[in-house]
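Chemist: I'll drop the sequence and a predicted model, then ask my questions.
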Amino acid sequence: MKLRLLAAAAWAAAFAISPAFAQTKTIRAVMHSDLKVLDPIWTTANIVRNHGYMVWDTLFTMDEKMQIRPALAASYEVMSPTKVRFKLRPGVKFHDGTPLNAAAVKFTFERALRGKSVENAQDRRAGRSSSPGGPRR
């Protein structure tokens, strides 16, 4: 197992310093299973979470000592038990060039806090739907 990790690290290091690799715009990854959905709010599957970490950034991350550290959030202030003010890292943009702002963070929190996403996905898999359009097949 350690030999495999060492070989993978050596391979990654060799290609990371290669000028050809620096110009490549395709990332290929081998996953342990297929992705059934791409939206981590719709499922609790680890494969979707892991894929999400490769695609999206988060407000906070954990360092090598498992300490919470800012990522997209440059800092934060707890205003009350139900309110937190985040200062966002400047210069961050979405893939289309739109700047990351408070409205985008608020939208993401509200979407996650609706609390229906996982239940809706389970209903759809069972052939039931809570949406007006009915089940998707």
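Modeler: Cool, got the structure.
Chemist: Just the buried positions in the stretch of helix or strand Ser75 belongs to, please.
Modeler: Secondary structure assignment for Ser75, by DSSP states H and E: strand 73-80. Using 16 or more other CB atoms under 10 Å as the test for burial, strand 73-80 gives Ala73. The C-beta positions use only the backbone N, C-alpha and C, and glycine is treated the same way.
Chemist: For it, name the packing helices and strands.
Modeler: Helices and strands touching strand 73-80, as assessed by 3 or more CB pairs under 8 Å, 6 or more residues apart in numbering; DSSP states H and E, comprise strand 83-88.
Chemist: helices and strands of this protein: which one bottoms out on pLDDT?
Modeler: helix 2-16 (a mean of 49; mean pLDDT, DSSP states H and E).
Chemist: Any figure for the gap between Phe94 and Glu110?
Modeler: Using CB to CB, to the nearest Å, Phe94 is found at 18 Å from Glu110.
Chemist: who touches Asp34 in this structure?
Modeler: For Asp34, the contact set (CB atoms under 8 Å, 6 or more residues apart in numbering) comprises Ile47.
Chemist: Could you report the pLDDT at it?
Modeler: For Asp34, the pLDDT comes out at 83.
Chemist: and the gap between it and Lys25?
Modeler: On the measure of CB to CB, Asp34 and Lys25 end up 24 Å apart.
Chemist: same thing with Lys36?
Modeler: Distance from Lys36 to Lys25, by CB to CB: 26 Å.
Chemist: just His95 next, same as before
Modeler: 12 Å.
Chemist: burial of Phe86, as a residue count?
Modeler: 18 (other CB atoms under 10 Å).
Chemist: before we move on, the earlier item: next, the angle from the strand holding Ser75 to strand 83-88.
Modeler: Calculated by axes from the mean of the first three to the mean of the last three CA atoms, to 10 degrees, strand 73-80 forms an angle of 160 degrees with strand 83-88.
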